[in-house]
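Chemist: Requesting a structural model of the entry that follows:
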Amino acid sequence: MRPAAAALLLALAACGKPAPPPPPPPAPAPADTASADALRRHVEAARTELAGLERLRDDMRREADTLRQTLKETSDERQRLREALAMRRPIGALSESAVRVRVVGVDSRSGVVMLERGRAHGVHVGDRYDVYRKSDGERIAVIEVEKFAGLHAEYSKCRVIEGRAAEIGRGDEAIDPRGAAPRRPGAHAVVNKMSASALVDYGSAHGATPGERVAVLRGGRRVGELRLDTVGETFSVGQVVDGEFVVGDEVMKK
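Modeler: A predicted model of the protein is given here:
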């Protein structure tokens, strides 16, 4: 309060008259109010813009994740197509000297494929065969020999390493693409070998007789001789006369 006003109030009080009320505080200047409102609006607009940018960032991240997934799926599909095209090699493109074996059984659940050719025919664990569909001759799988089955190991149990077991059916052809010459029609082989004797898939049904001597060949070259002691209908046991031979070697009448 100014000194003059204070003195006036004191004088009036001394005269017994009531003092007038103090003057109201000055109203804020219009310019100050406008500046505060503008600042609030600017802050609110900045917050709204920031929220919009954050939503845009999140949208871009989701879109990038979607693009990465699409790219991965496209790459996987291209790989599957390349594999499928590789599997469609025509059967005629293989050498005519390749070993051809018939599929005699398939278990699609376990993935086991059975071939009518086993250790008795010179097959080895790890041998691989291309499988061709019987109906159209298209290559549909690759299988690998894991072990043998049958009383005399005359069948091969294989696992599928390319393609699917469900695509393979009985009667489809399995081909060893290495070009090994198949055993001659009517030929027989050593199916089991002991130290001084051997079991051969040659019996009375094929003309075998007790005491008969047979030559053992490998790659067309004589490697030994057997004398048949026990002759069954389809198999015989012979004593080694001379030579060194192994399972899979061919047996031939002398």
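Chemist: And the chain, what are its domain boundaries?
Modeler: 31-87, 91-176, 188-253 (automatic domain parsing).
Chemist: Where among these is average confidence lowest?
Modeler: Ranked on mean pLDDT, the bottom entry among the domains of the chain is domain 31-87, at a mean of 77.
Chemist: Mind putting the domains of the chain into JSON lines with mean neighbour count?
Modeler: Quick note: C-beta positions are derived from backbone N, CA and C, even for glycine. Listed next are the domains of the chain as JSON lines, based on neighbours: other CB atoms under 10 Å:
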{"stretch": "domain 31-87", "mean neighbour count": "10"}
{"stretch": "domain 91-176", "mean neighbour count": "17"}
{"stretch": "domain 188-253", "mean neighbour count": "17"}
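Chemist: Which secondary structure element is home to residue 234?
Modeler: Assessed by DSSP states H and E, residue 234 sits outside every helix and strand.
Chemist: if I pick it, what's in contact with it?
Modeler: Residue 234 sits next to 201, 203, 205-206 when contact means CB atoms under 8 Å, 6 or more residues apart in numbering.
Chemist: do residue 228 as well
Modeler: By CB under 8 Å, 6+ apart, the residues touching residue 228 are 200, 202, 208-214, 236-238.
Chemist: Check the gap between it and residue 214 for me.
Modeler: Separation of residue 228 from residue 214 (CB to CB, to the nearest Å): 7 Å.
Chemist: Dig out what residue 157 forms beta bridges with.
Modeler: Going by DSSP bridges, residue 157 is paired in beta bridges with residue 114, residue 147.
Chemist: got it, and residue 197?
Modeler: residue 239.
Chemist: looking at it, it is touching residue 239, isn't it?
Modeler: Yes - counting by CB atoms under 8 Å, residue 197 does reach residue 239; the two are 5.4 Å apart.
Chemist: shared neighbours, these two?
Modeler: residue 229.
Chemist: in this protein, which spans are helices?
Modeler: Here the chain has its helices, by DSSP state H, at 3-14, 30-87.
Chemist: pLDDT on the first one, on average?
Modeler: It refers to helix 3-14. For helix 3-14, mean pLDDT is 56.
Chemist: How much space separates residue 41 from residue 34?
Modeler: Counting by CB to CB - residue 41 and residue 34 are separated by 11 Å.
Chemist: correction: residue 75
Modeler: Using CB to CB, residue 75 is found at 61 Å from residue 34.
Chemist: can you list residues touching both of residue 228 and residue 214?
Modeler: Residues touching both residue 228 and residue 214 (CB under 8 Å, 6+ apart) are 200, 202, 208, 238.
Chemist: List the contacts of the nearest residue in space to the second one that is not next to it in sequence.
Modeler: Here the nearest residue to residue 202 in space, its sequence neighbours aside, is residue 188; by CB to CB, 6 or more residues apart in numbering that works out to 3.9 Å. If you count contacts by CB under 8 Å, 6+ apart, residue 188 has them with 200-202, 206, 250-252.
Chemist: right, and the pair among those with maximum separation?
Modeler: The distance between the two most remote of the contacts of residue 188 (CB to CB) is 13.4 Å, for 206 and 250.
Chemist: one step back: in TSV, list the contacts of residue 188 along with distance to residue 59.
Modeler: Formatted as TSV, these follow (distance: CB to CB, whole Å):
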residue	distance to residue 59
200	77
201	73
202	78
206	79
250	73
251	77
252	79
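Chemist: Nearest to residue 48 among these?
Modeler: residue 201 (88.7 Å).
Chemist: Next up, the contacts around that closest one.
Modeler: Applying CB under 8 Å, 6+ apart, one finds that residue 201 lies in contact with 120, 152, 154, 188-189, 191, 234-235, 251.
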